[in-house]
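> Here's a sequence, model it:
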Amino acid sequence: MSNTPELENVRQKGLFVEVHNGDVTKALRKMKKLLQQDGIHQMLRERERFETPSMKRKKSKARAQKRWQKKLKELRASGVAN
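Numbers count the residues shown, from 1 in each chain. Coordinates of the predicted model:
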């Protein structure tokens, strides 16, 4: 049971973190971790400013090339590729 009766019947929506013993810094760390795991942090960074479709394609292509180079490096290290 909670000490505050008005909060007992409130339904929780979304993400929340309880603060125990007045330790707000620990609660903030937990909240940041939850936001990162849920992808909200990344979404907010993407929505910070408008990105043209051509820049989205360019960045996507660059990420794909980077993934391919990493995979190729791993294959060469294992001796599968030349």
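> Which pLDDT value goes with the nearest residue to L34 once chain neighbours are set aside?
Excluding its sequence neighbours, the residue lying closest to L34 (CB to CB, 6 or more residues apart in numbering) is L15, at 5.1 Å. Bear in mind the C-beta positions are built from the backbone N, C-alpha and C, glycine included. The per-residue pLDDT reported for L15 equals 79.
> Please apply the same query to T4.
pLDDT, T4: 57.
> about what we covered before: residues contacting the residue nearest to L34?
M31, L34, L35, D38, I40 (CB atoms under 8 Å, 6 or more residues apart in numbering).
> Count residues in the vicinity of I40, would you?
I40 has 13 neighbouring residues, counting by other CB atoms under 10 Å.
> Show me the domain layout of the protein.
15-49, 53-82 (automatic domain parsing).
> Confidence-wise, which of the ones you listed is weakest overall?
domain 15-49 (a mean of 89).
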